[in-house]
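In: 3D model of this:
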Amino acid sequence: MYMLMTYDVEAKRTEKFKKLLRRYLNHDQYSVFSGDITEAKAIELRRALSQLMIPGDRVTEVTSANRHNVQVIHISKNASGKGETQRQKSDEHRCDFGVL
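Out: Sure, this is the predicted structure:
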């Protein structure tokens, strides 16, 4: 399956979450991780998160049967900060590798 996971925790705890999630998923941006994962590894990850989390921590998990059934849109504002937001479709998650 394909998994996207984000976390929102106190700044002093972010490194613990980053280290754990990097063992299972690709580190995309700050507290955003994604990638292919087996059901067994997903269960293992959820158990590890359960042990790590304390009240006030928030983790968001989004899963799909596979990466080809997920639509990703990046929304951003232009440099001046004026006008409407820009929407850009991304297909990076559909590739098994990135080109350097």
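
In: So which residue is dead centre in the protein?
Out: Nearest to the geometric centre of the chain sits Phe33, at 2.8 Å (C-alpha atoms, centre = their mean).

In: Can you name the residues bridging to that residue?
Out: Bridge pairing for Phe33 (DSSP bridges) gives the partners Met5, His27.

In: can you count the residues close to Gln88?
Out: Number of residues near Gln88 (other C-beta atoms under 10 Å) recorded here: 9. Any C-beta I mention is one placed from the backbone N, CA and C, and that applies to glycine too.

In: so what does the longest helix belonging to the chain touch, helix or strand wise?
Out: Assignment by DSSP state H gives helix 39-52 as the longest helix of the chain. Contacts defined by 3 or more C-beta pairs under 8 Å, 6 or more residues apart in numbering; DSSP states H and E place helix 39-52 against helix 14-22, strand 58-64.

In: hmm, back to that, you'd agree the residue nearest to the centre of the chain is up against Arg23?
Out: No - assessed by C-beta atoms under 8 Å, Phe33 is found out of contact with Arg23, at 10.1 Å.

In: Pull the residues that contact stretch 43-57.
Out: The contact list for stretch 43-57 (C-beta atoms under 8 Å, 6 or more residues apart in numbering) reads 7-10, 13, 16-17, 20-21, 24, 37, 59, 61.

In: Go through that stretch and flag the buried ones.
Out: Leu45, Leu49, Leu52, Met53 (16 or more other C-beta atoms under 10 Å).

In: now it: how far from the chain's centre is it?
Out: Stretch 43-57 sits 15 Å away from the centroid of its parent chain (C-alpha atoms, centre = their mean, to the nearest Å).

In: count of residues packed around Thr38?
Out: 10.

In: Repeat that for Gln71.
Out: For Gln71, using other C-beta under 10 Å, the count is 9.
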